[in-house]
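**Q** model this:
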Amino acid sequence: MPKRKKDKIKKQKLWCETQMAEAIESVLEKKMGYLQKPKEFRIPIASLFRLVNSKEKNANVAASTALVHKPELPEELEDKLQT
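**A** Purely as a prediction, here's the structure:
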């Protein structure tokens, strides 16, 4: 019998902004590396790497950025498709 696929639940931004800000600051100050902090605070390595390398110099601002995709369609076309 074929295996049943489980419903995939997206796990987006399950980390706390204060923990991410602390992790960003410690990586920028070179107190800990990219691999030690995520294990300590249980935050994703990829998110930490992306936020450390972002253009934001302030850790709190970088940690509070939204992790959403920009819409590809213009709002007018989206409204037409919904009606």
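**Q** tell me which residues of stretch 33-49 are tucked away?
**A** 37-38, 41, 43, 47-48 (16 or more other CB atoms under 10 Å). C-betas here are computed from N, CA, C, even on glycine.
**Q** Is it possible to get CSV of the residues you listed that adds secondary structure?
**A** Listed next are the buried residues of stretch 33-49 as CSV, based on DSSP: H, G, I helix; E, B strand; the rest coil:
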residue, secondary structure
K37, helix
P38, helix
F41, helix
I43, coil
S47, helix
L48, helix
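**Q** Generate CSV for those, with pLDDT and distance to L81 as supplementary columns.
**A** Output for these, formatted as CSV (pLDDT from 0 to 100; distance: CB to CB, whole Å):
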residue, pLDDT, distance to L81
K37, 73, 43
P38, 79, 40
F41, 78, 41
I43, 84, 37
S47, 83, 32
L48, 85, 37
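**Q** Could you single out the nearest of those residues to T65?
**A** Closest approach between the buried residues of stretch 33-49 and T65, by CB to CB: S47, at 10.0 Å.
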